[in-house]
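In: coordinates only, no sequence provided:
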C-alpha cells in the first residue's frame, strides 16, 4: 500500500526571512491526520534568505537531521560545536536531555534551501551530541546511499532509533529498485526533480508512505534527488 502526500497539501509558514513547508504537523500547523509516520515526526523544507536564520533556541529528546540542498547553513550549539553544513553533508544533532542551538545562513547574497528532519528516539534522557559527515555525490549517484542508521554502518551518522535514512541522486532516465523488509515502513521524500514511484509521478516536495509492499521502483523523469526512510 502506498499513500501519497502531495507537496501542495503541506503546511506553510512564511515570515520575512523564512519560507517553510511542513510535511507533518509542526508549530502552528496542526493536522491530526498528519502527525508523522512511525518514528519519523518532522520533515520541514526550509528556505532562509541571506544573512538570516533561527536564533538560539532549545530542543529535548529528539534526533534532528539537517540536509542542505542549496547554499550553506551555519550551526552553533551549547556543546561548543560550530560548523557550516553544505550540500552532500548530513548533520545529526541529538537533543537528548536538552541542547541550545542556532542555525543561520552565512551568505550575504544567496538563500539556503534545506530539509530539517526529526526522528523520535527509542528512549528519552540521552546525552546530547552532534555529528556531521560528508557523502560525496559519486557515492549517491544512481543508488541509495546509507547516511544515517543506529550503528553507523558504512560510515553513516548514528541515531538512537531503529530507523535508517538513504539518499539517492538520479540522472534523467535512471531507475533504482529496492526490496522492502516485511513489517517495516518506508517513507520516500522527493527533494528535487520528478520521479515515478512504482509508476506514479512524484515531484519535489511530494512524499509517500509505503507499507506491505515487497519492493519499490524509483525512476527519474528529470535529474532528481530522493530521501528514503526505512522505519521499524
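Out: Cool, got the structure. This structure is a prediction, so every number in the text was calculated from the model and none was measured.

In: which residues touch residue 188?
Out: 197, 202, 207-208, 210, 216, 218, 226-229 (CB atoms under 8 Å, 6 or more residues apart in numbering). Glycine gets a C-beta too; all of them are placed from N, C-alpha and C.

In: so who does the spatially most central residue of the chain touch?
Out: By CA atoms, centre = their mean, the chain has its centre lying nearest to residue 117, at 4.4 Å. Applying CB under 8 Å, 6+ apart to residue 117 gives the contacts 40, 42-44, 64-67, 165.

In: could you redo the last one with a cut-off of 6 Å?
Out: Residue 117 sits next to 43, 65 when contact means CB atoms under 6 Å, 6 or more residues apart in numbering.

In: residue 139 belongs to a helix?
Out: Yes - according to DSSP: H, G, I helix; E, B strand; the rest coil, residue 139 belongs to a helix.

In: per-residue pLDDT of it, please?
Out: Here, the pLDDT recorded for residue 139 equals 98.

In: cool, the one 5 residues further on as well?
Out: Each residue has a pLDDT score; the one for residue 144 is 98.

In: right, and it touches residue 169 too?
Out: No - with contact defined as CB atoms under 6 Å, residue 144 and residue 169 do not form a contacting pair (10.1 Å).

In: between these two, which one's more packed in?
Out: Using other CB atoms under 10 Å as the criterion, residue 144 and residue 169 rank with residue 169 on top: 22 against 18.

In: beta partners of the more buried one?
Out: residue 141, residue 225 (DSSP bridges).

In: related to what we said a few turns ago, among the contacts of residue 188, find me the one that's closest to residue 51.
Out: When the contacts of residue 188 are ranked by distance to residue 51 (CB to CB), residue 227 comes first, at 27.8 Å.

In: and that closest one, what does it touch?
Out: When the contact criterion is CB under 6 Å, 6+ apart, the partners of residue 227 are 167, 189.

In: which residue, other than its chain neighbours, is closest to residue 64?
Out: Here the nearest residue to residue 64 in space, its sequence neighbours aside, is residue 93; by CB to CB, 6 or more residues apart in numbering that works out to 4.6 Å.

In: thought the one you found was touching residue 63?
Out: No - Residue 93 is not in contact with residue 63 according to CB under 6 Å; the separation is 7.9 Å.

In: give the buried residues for stretch 72-86.
Out: Buried positions in stretch 72-86, judged by neighbour count with 16 or more other CB atoms under 10 Å: 72-75, 77, 81, 85.

In: average pLDDT across it?
Out: On average, stretch 72-86 scores 96.

In: can you give me the end-to-end span of it?
Out: In stretch 72-86, first residue to last residue: 5 Å (CA to CA, to the nearest Å).
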